[in-house]
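Student: Sequence and predicted structure below; questions after.
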Amino acid sequence: MNMQKRNAGAIIFSILVIAGFSLSVNFYQESVHPLELAISHLKEITASSDPKTIREHISAMNYHVDKIWDKLPESKNPVWIYPTESTNFARIQSDVDRIVVSLDKISAVPRDSSAYHTGMMDIKERTRHIQENISDAMPYMYGTLSMAFFNSILLVGLMGLIERITGKPY
């Protein structure tokens, strides 16, 4: 009977481990990975000088940021303790909008002019700044109540599984 209890407990805790792990991975896929993809598009913008290519990457970056927009708090700043404007996604979005306006202006300028090159340098500098701001905000996406809950399920499951397998209290 004692062996059956131990096996049943091991099964229950194994289910908790699997559930906690899958919930954590799902959370990462929905909340953090889109920001990593957005950063990769921002890197592509800094590598390009073609307005059409830059527009495509801005559109793709906005698509990925839109995926996490509803998961952000009402302030649109994922930082709970000492939030700054640099990690506020509403401000980041307005910076992206300014890049689009600059892109519209330089698209009408000849490519071999100094105005075009100055405009491209401005766009690339703003893009680096946005990339840095999103990178600064990304770790705080992990610091949500749901992620803490998922990780606690995973931790309880692992502790219980170790206890059931070894027979020693953790």
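Tutor: Alright, I've got the coordinates. Numbers count the residues shown, from 1 in each chain.
Student: Next, the buried residues of the longest helix along the chain.
Tutor: Secondary structure of the chain per DSSP state H: the longest helix is helix 2-31. Neighbour-count burial for helix 2-31, with 16 or more other C-beta atoms under 10 Å as criterion, is recorded at 10, 13-14, 16-17, 20-21, 23-24, 27, 31. The way it works is simple: take the backbone N, C-alpha and C, and place the C-beta from them, glycine included.
Student: now stretch 112-123
Tutor: Under 16+ other C-beta under 10 Å, the buried positions of stretch 112-123 are 116, 119-120, 123.
Student: In helices only, show me these.
Tutor: 116, 119-120, 123.
Student: about what we covered before: elements contacting the longest helix of the chain?
Tutor: Contact here means 3 or more C-beta pairs under 8 Å, 6 or more residues apart in numbering; DSSP states H and E; on that basis helix 2-31 packs against helix 51-69, helix 145-166.
Student: try it again with 10 Å
Tutor: helix 33-47, helix 51-69, helix 114-141, helix 145-166 (3 or more C-beta pairs under 10 Å, 6 or more residues apart in numbering; DSSP states H and E).
Student: Kindly tell me how buried Ser102 is, as a neighbour count.
Tutor: 17 (other C-beta atoms under 10 Å).
Student: so the host helix or strand of it versus helix 51-69, what angle?
Tutor: Element membership of Ser102, judged by DSSP states H and E, is helix 89-107. Taking axes from the mean of the first three to the mean of the last three C-alpha atoms, to 10 degrees, one finds helix 89-107 and helix 51-69 inclined to each other by 170 degrees.
Student: about what we covered before: ok, the buried residues of stretch 112-123 vs Thr87, which is closest?
Tutor: Checking those against Thr87 by C-beta to C-beta gives Ile123 as the nearest, at 21.6 Å.
Student: wait, what's in contact with the closest one?
Tutor: 45-46, 48-49, 51, 54, 58, 98-100, 102-103, 106 (C-beta atoms under 10 Å, 6 or more residues apart in numbering).
Student: go with 7 Å
Tutor: Applying C-beta atoms under 7 Å, 6 or more residues apart in numbering to Ile123 gives the contacts 54, 99, 102-103.
Student: mind checking which of the helices and strands packed on helix 2-31 is nearest Thr84?
Tutor: Of those, nearest to Thr84 by C-beta to C-beta is helix 114-141, at 8.3 Å.
Student: Run the angle between the closest one and helix 145-166 for me.
Tutor: Using the same axes, to 10 degrees: helix 114-141 against helix 145-166 is 50 degrees.
Student: Okay then, goodbye and thanks.
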